[in-house]
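*Asks:* pasting the sequence and the predicted coordinates here, then a few questions.
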Amino acid sequence: MIRTCPARSPLAHVVPAAAVIACLGSSALARSDDASPEEIGLKIALEARERGDGFGNFTARQTMLLRNKQGRESRRQLRVRVLEVPGDGDKSMFVFDEPRDVKGTAFLIHSHRDKADDQWLYLPALKRVKRISSSNRSGSFMGSEFAYEDMSAQEVERFSYRYLRDEPCGELTCTVSERVPVDRKSGYRRQLVWQDKDEFRVWKVEYYDRKDSHLKTLTLGNYQQYLDRYWQAGEMTMVNHLTGKSTVLTWTEYEFRTRLNDRDFTRTGLQRVR
Amino acid sequence: MPHRLVFRCARFFTAGLLLPVCAGGLPAEIVRHETSGRVSFESRWHPQSAAYAGQRSHAGGVVFEPEFYLEDHGGRSFNLAPFYRHDAGDPDRTHFDLREAYLLLYGDAANSEWELRLGVDRVFWGVTESRHLVNIVNQIDLVEHPYKEPKLGQPMAHLTFSGDWGTAEVFGLTYHRGRTFPGRSGRLRFPFVVDNDKVTYESDAKQWHLDLAGRYSRSFGPLDLGMSVFDGTSRDPFLIPDPDRSGEPALVPYYEQIRQFGLDAQLTAGSWLFKLEAIRRNGARNLLGVEEDYSASTFGGEYTFYSVSGSAVDLTLLSEWNYDGRRQYATNIFQNDFFLGARIAFNDVQSTEILASILRDADSSGQVLTLELNRRISDQWSLRLEAIALRGIQEVDLTYLTRRDSFVELNLIYNF
């Protein structure tokens, strides 16, 4: 599940604003005299998380288009299921459809706010469920430019924040914040996040590696609103500036509040997935 | 003969197919159906001359493994996965199997959930890599691979309950599958061919003895625990010398009634995985043909270095020790063997992966060296290369029987 903003739910960066702005007008937030940049940054993150609350669960389809420097393309197709867990990180599942040699392979994550995630891998050829280490934060997800840590929940607690400035982004105005991963295993030293002040949607993230060079840039677009509340990007493009490779991730067939429940996110449920 | 093999299995397949159909019919109102699978073209070459008369040095074959899936509106589903291998060199390696044909139902029961699988299925228990000690439900399809223990389909009723208290599973196993063995022209066999037509059983019910199995598993944070029990017809045959019709020496499989208790555990701690499997088996014969209760275990761990020196490559080091309390009278090659391995995952677009390992017999210093390479060529095609070398194998080691059967194998796989 791609979560590009500091939020407990993948949709937390995407919430309507009307009611919220009344109590936390974003301009007031940025101008607040007695709040430090760190406090403002954290406030934005917490606000975004609160706005994503209550989605329950959803399913969607992801298509990843991997492109190398020479323009050669390769495609990945997967189905995603996410279950909201009140008070803790979400449970998510990825099921691969393409490439065909990994068809049916499924990946289950129980993310947590205060400790390491639990992860399992289901290998259909062996009918085997393997509990796997969640220490692999910076590795590539399926050969794409998205790292595992980009794909897993961006819990608020996993970063420290600093609000930097306001800046126009297209027709909107964005806050620019810096967030620093708490986890030493993270491949990033810091990230810069652009979020619009109306809806708290993330439009851009810049990733800086451990040597503080600008490694990757993620741009998001094609936002759509679901259940009259939750905003979700339909397209995410990750460009690696060091290698010239890129990955375009497209989201389709969103369905919210499906029949999914807790039992679909267990070891037994993982073996049932097709 | 392939035809004879197909015929022999016909009764079992009929049972496997009828069971789910009778139990609930094919799901009505299909909302999802899928066809997938793979065709694999295989070539296996043995560089050393054969130890026994009639054995060939090259095996070529094709494996066809389609999979069909149906799901109805209520989430009920039916899986069908037949398997067919054609081997150009060894008629006994040519075989058909029904890997899966089951109906799957599930639902809620108070605070727990239940799941029922009826039909032919494969079940995997365990955590270790070099050997799958507790994994007893399915028979080994030995002609497929000498060490990897691929499994034949097993007719069963498999009921699962799970909740916060853990997962409890019970299995009723309704038909015994005999282990497959290479024929006269095949490599990786005993000096004498195994004659599966003359199979005998300790139970009067023969292959129709109802075998029972159960497993309870639970996670305590980073620790996963599983306890299992199996009561019924052994999956490991005891081989009795018995001349065939033409008077040539041959072996006849005999399957005892056994009871086995199993324990498996894994501790996931950062980049470390610690693993243990242990069994206690009663009622089986040892290599001398004497009934001997015994314990066996496999334990060890693996550690992964992620993104080695800033690259995308992950390196995993594995180490396991296999022990069988019967030692020199053990009926397998793992009586006291040390396993060391390295897995390199390149995490590239082609998912290139290399696995190299050594299994070293601590009693006789014989070694089984393995090298495996997997790589995707396109969205549909993938490539697999495997080499197994047997080195310094002593006469006391069971591997001695196959000491000249090192091989290199190339697989070209079409996935659809």
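*Replies:* All right, it came through fine.
*Asks:* for the stretch 301-416 of chain B, just list every one of the strands.
*Replies:* Along the stretch 301-416 of chain B, counting by DSSP state E, counting those that start in this stretch, strands occupy B:314-324, B:336-345, B:353-361, B:367-376, B:381-391, B:407-415.
*Asks:* hmm, the third one in reach of chain A?
*Replies:* No. For strand B:353-361 and chain A, the contact criterion (C-beta under 8 Å from any C-beta of the partner chain) is not met; the two come no nearer than 11.6 Å. In this view, the C-beta of every residue, glycine as well, is placed from N, C-alpha and C.
*Asks:* residues contacting that strand, please?
*Replies:* Identification of contacts with strand B:353-361 by C-beta atoms under 8 Å, 6 or more residues apart in numbering or on different chains yields B:130, B:318, B:333, B:335-346, B:366-375, B:394, B:397, B:399.
*Asks:* next to chain A, which bits of the stretch 101-250 of chain B? Give me the list.
*Replies:* Residues of the stretch 101-250 of chain B that fall close to chain A, judged by C-beta under 8 Å from any C-beta: B:104, B:106, B:108, B:113, B:115, B:122-124, B:160, B:162, B:167, B:217, B:224.
*Asks:* which among these gets closest to residue A:136?
*Replies:* Minimum distance to residue A:136 across these is 18.6 Å, recorded for residue B:224 (C-beta to C-beta).
*Asks:* what bridges to the closest one?
*Replies:* Beta bridges link residue B:224 to residue B:219, residue B:266, judged by DSSP bridges.
*Asks:* quick check: beta-bridge partners of residue 172?
*Replies:* You didn't say which chain, so I picked chain A. Applying DSSP bridges to residue A:172 yields these beta-bridge partners: residue A:169.
*Asks:* ah, no, chain B please
*Replies:* Assessed by DSSP bridges, residue B:172 has beta-bridge partners residue B:157, residue B:212.
*Asks:* verify the stated contact: it with residue B:155.
*Replies:* No. Using C-beta atoms under 8 Å, residue B:172 is not in contact with residue B:155, being 9.4 Å away.
*Asks:* more crowded one of the two?
*Replies:* Taking neighbours as other C-beta atoms under 10 Å in any protein chain shown, residue B:172 and residue B:155 compare with residue B:155 leading, 25 against 15.
*Asks:* so where is chain B shaky, pLDDT-wise?
*Replies:* For chain B, the stretches flagged by pLDDT under 70 are B:1-28.
*Asks:* in the helix or strand containing residue A:193, what's buried?
*Replies:* For residue A:193, the element it lies in under DSSP states H and E is strand A:188-196. Neighbour-count burial for strand A:188-196, counted by 16 or more other C-beta atoms under 10 Å in any protein chain shown, picks out A:188, A:190, A:191, A:192, A:193, A:194, A:195, A:196.
*Asks:* which one of those is nearest to residue B:37?
*Replies:* For the buried residues of strand A:188-196, with residue B:37 as the reference and C-beta to C-beta as the criterion, the closest is residue A:188, at 40.5 Å.
*Asks:* test of understanding: give the bridge partners of that closest one.
*Replies:* Taking DSSP bridges as the rule, residue A:188 bridges to residue A:209.
*Asks:* and for residue B:67?
*Replies:* The partner residues for residue B:67, given DSSP bridges, come to residue B:36.
*Asks:* ok and the residue in chain A nearest chain B?
*Replies:* residue A:100 (3.5 Å; C-beta to the nearest C-beta).
*Asks:* pLDDT wise, what is that residue at?
*Replies:* Here the pLDDT value assigned to residue A:100 is 94.
*Asks:* Throw the strands of the stretch 301-416 of chain B into a markdown table and include distance to residue A:94 and mean neighbour count, thanks.
*Replies:* Shown next, in a markdown table, are these (distance: least, C-beta to C-beta, whole Å; neighbours: other C-beta atoms under 10 Å in any protein chain shown):
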| stretch | distance to residue A:94 | mean neighbour count |
| --- | --- | --- |
| strand B:314-324 | 18 | 19 |
| strand B:336-345 | 17 | 18 |
| strand B:353-361 | 19 | 19 |
| strand B:367-376 | 18 | 18 |
| strand B:381-391 | 20 | 18 |
| strand B:407-415 | 18 | 17 |
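*Asks:* among the ones you listed, which is nearest residue B:73?
*Replies:* Once these are compared by C-beta to C-beta, strand B:407-415 is nearest, at 29.3 Å.
*Asks:* ok so, going back, check the residues of the stretch 101-250 of chain B next to chain A for burial and list the buried ones.
*Replies:* Taking 16+ other C-beta under 10 Å as the criterion, what is buried in these is B:104, B:106, B:113, B:115, B:122, B:123, B:124, B:160, B:162, B:167, B:217, B:224.
*Asks:* quick one, phi psi at the closest residue to residue B:107 other than its chain neighbours?
*Replies:* Distance criterion C-beta to C-beta, 6 or more residues apart in numbering or on different chains; nearest residue to residue B:107, sequence neighbours excluded, is residue B:114 at 6.1 Å. Dihedral pair for residue B:114: phi -120, psi 160, per degrees, to the nearest 10.
*Asks:* the helices in the chain, which residues?
*Replies:* Went with chain A since none was named. Assigned by DSSP state H, chain A shows helices spanning A:18-24, A:26-31, A:37-52, A:148-151, A:267-272.
*Asks:* sorry, I should have been clearer: chain B.
*Replies:* B:2-24.
*Asks:* in it, what residue lies closest to chain A?
*Replies:* Chain A sits closest to residue B:415 of chain B, with a gap of 3.5 Å, by C-beta to the nearest C-beta.
*Asks:* if I look at that residue, how far off is residue A:105?
*Replies:* Per C-beta to C-beta, to the nearest Å, residue B:415 is found 12 Å from residue A:105.
*Asks:* cool, residue A:211 as well?
*Replies:* 34 Å.
*Asks:* what about the two, which has more around it?
*Replies:* residue A:105 (18 against 8).
*Asks:* close to chain B: what parts of chain A are there?
*Replies:* So far as C-beta under 8 Å from any C-beta goes, chain A lies against chain B at A:66, A:68, A:74-75, A:98-104, A:116, A:126-129, A:131-133, A:135-140, A:142-143, A:185, A:187, A:259, A:263, A:266-268, A:272, A:274.
*Asks:* just the buried members of these?
*Replies:* So, of those, A:66, A:74, A:98-104, A:116, A:127-129, A:131-133, A:135-140, A:142-143, A:185, A:187, A:263, A:266-268, A:272, A:274 end up buried under the neighbour-count rule (16+ other C-beta under 10 Å).
*Asks:* show me those residues that map onto strands.
*Replies:* Per DSSP state E, strands hold the following members of these: A:66, A:74, A:98, A:128, A:129, A:131, A:132.
*Asks:* most widely separated two among those residues?
*Replies:* By the measure C-beta to C-beta, A:74 and A:131 form the most distant pair in those, at 28.9 Å.
*Asks:* spatially, which residue comes closest to residue B:402, not counting chain neighbours?
*Replies:* residue B:188 (5.1 Å).
*Asks:* number of residues surrounding the one you found?
*Replies:* For residue B:188, the count of nearby residues is 23 (other C-beta under 10 Å).
*Asks:* do the one 4 residues further on as well
*Replies:* A count of neighbours around residue B:192, defined by other C-beta under 10 Å, yields 19.
*Asks:* please apply the same query to residue B:140.
*Replies:* Look at residue B:140: counted by other C-beta under 10 Å, it has 19 neighbours.
*Asks:* distance of the closest residue to residue B:365 other than its chain neighbours relative to residue B:191?
*Replies:* Of all residues not flanking residue B:365 in the chain, residue B:392 sits nearest, at 5.8 Å (C-beta to C-beta, 6+ apart). Per C-beta to C-beta, residue B:392 is found 20 Å from residue B:191.
*Asks:* ok, back up a step: my guess is the residue of chain B closest to chain A meets residue B:383, correct?
*Replies:* No. With contact defined as C-beta under 8 Å, residue B:415 does not reach residue B:383; the gap is 11.5 Å.
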